[in-house]
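>>> Got a sequence here, can you model it:
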Amino acid sequence: MGKSNPDNDNIYFRLLLVQPEKAIAAIHERYGSRLSKYVFVYCRQDDEFIKTVISETLVIVWQKRNEVAMYDKPYFWMQRVAEMQALYLLRKERKHNNVELEDKYLEMAGDDHADRKLRAKELEEMINEALNNLPPREQEIFRASRFDELSNQEVMQKFDLTEQTVKNTISRAKKKVISMLKQMLSMFV
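Next comes the predicted model:
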């Protein structure tokens with residue numbers, strides 16, 4: 001009998017059919033550390049985030065235990081689930097951070113109308129400053145999309161780019177602008 005390859009070891013996953021609780025514990029013990037390292041390399045987040053990803057991954061293994069037990073290479077499937085969970089949680093965190101940014105600004109704005117107008121003008125200046133820090137081409141594409149309200153198709157035609165390039169450029173610019181705004185606004189909070 002040959003050596004057991006940890007990537008192709010189905011024993012623990014087959015156990016999901018007959019003793020699911022023990023199987024999950026054994027899978028976590030056997031693969032948890034390796035999966036944690038894999039997730040860390042994949043997304044470079046802190047330990048708490050990685051533990052959450054691993055927990056969520058094991059929940060999915062549990063929910064799909066009857067299917068997973070029959071897979072030829074269940075560990076590789078589990079890695080892919082962990083990747084998807086990491087992406088999902090990162091997106092969720094990013095959305096939460098955007099809402100947090102808006103909330104902080106609204107807190108700063110206060111109730112006074114004149115104060116709100118002044119803050120809105122300040123925010124507009126901050127946005128323009130953040131945009132001015134973008135590379136010229138990225139800045140043009142972002143402004144066309146967000147301020148001129150051109151569709152991706154129109155931006156594609158205007159700049160003679162592919163749709164994916166337009167999407168990537170807008171996404172990259174948006175991330176940079178949000179990051180710069182967070183830094184600027186953190187000085188006031």
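>>> Can you name the residues that contact residue 68?
By C-beta atoms under 8 Å, 6 or more residues apart in numbering, residue 68 lies in contact with 13, 16, 61, 74, 77-78. All C-beta spots, glycine's among them, are computed from the backbone N, C-alpha and C.
>>> Could you identify the most distant pair in those residues?
16 and 77 (12.4 Å; C-beta to C-beta).
>>> what's near enough to touch residue 175?
Residue 175 neighbours (C-beta under 8 Å, 6+ apart): none.
>>> Where do the helices of the chain begin and end?
Secondary structure of the chain by DSSP state H: the helices cover 11-14, 20-43, 47-63, 65-68, 74-109, 113-132, 136-146, 152-159, 163-186.
>>> and the longest one, what's its mean pLDDT?
Just to be clear, that refers to helix 74-109. Average pLDDT, helix 74-109: 70.
>>> The third one now?
The predicted model gives helix 47-63 an average pLDDT of 87.
>>> swap in the first one?
When pLDDT is averaged over helix 11-14, the result is 84.
>>> for it, packing partners?
Counting contacts by 3 or more C-beta pairs under 8 Å, 6 or more residues apart in numbering; DSSP states H and E, helix 11-14 packs against helix 20-43.
>>> just curious, which of the contacts of residue 68 is nearest to residue 157?
For these, the nearest to residue 157 is residue 77 (41.9 Å; C-beta to C-beta).
>>> ok, for the closest one, nearest residue in space, not its chain neighbours?
Closest residue to residue 77 apart from its sequence neighbours, by C-beta to C-beta, 6 or more residues apart in numbering: residue 71 at 5.4 Å.
>>> Next, count neighbours for that neighbour.
Residue 71: 15 surrounding residues under other C-beta atoms under 10 Å.
>>> same check, this time on the one 4 residues further on
Neighbour count for residue 75, taken as other C-beta under 10 Å: 22.
>>> thought it was touching residue 9?
Yes - at 7.2 Å, residue 75 and residue 9 qualify as touching, with contact defined as C-beta atoms under 8 Å.
>>> wait, what's in contact with residue 41?
So residue 41 contacts nothing (C-beta under 8 Å, 6+ apart).
>>> Give me the more crowded residue out of residue 16 and residue 77.
Each of residue 16 and residue 77 has its neighbours counted (other C-beta under 10 Å); residue 16 has more, 24 against 17.
>>> how far away is the spatially most central residue of the chain from residue 139?
In the chain, the residue lying closest to the centroid (C-alpha atoms, centre = their mean) is residue 90, at 2.6 Å. Plainly put, residue 90 is 26 Å away from residue 139 if you go by C-beta to C-beta, to the nearest Å.
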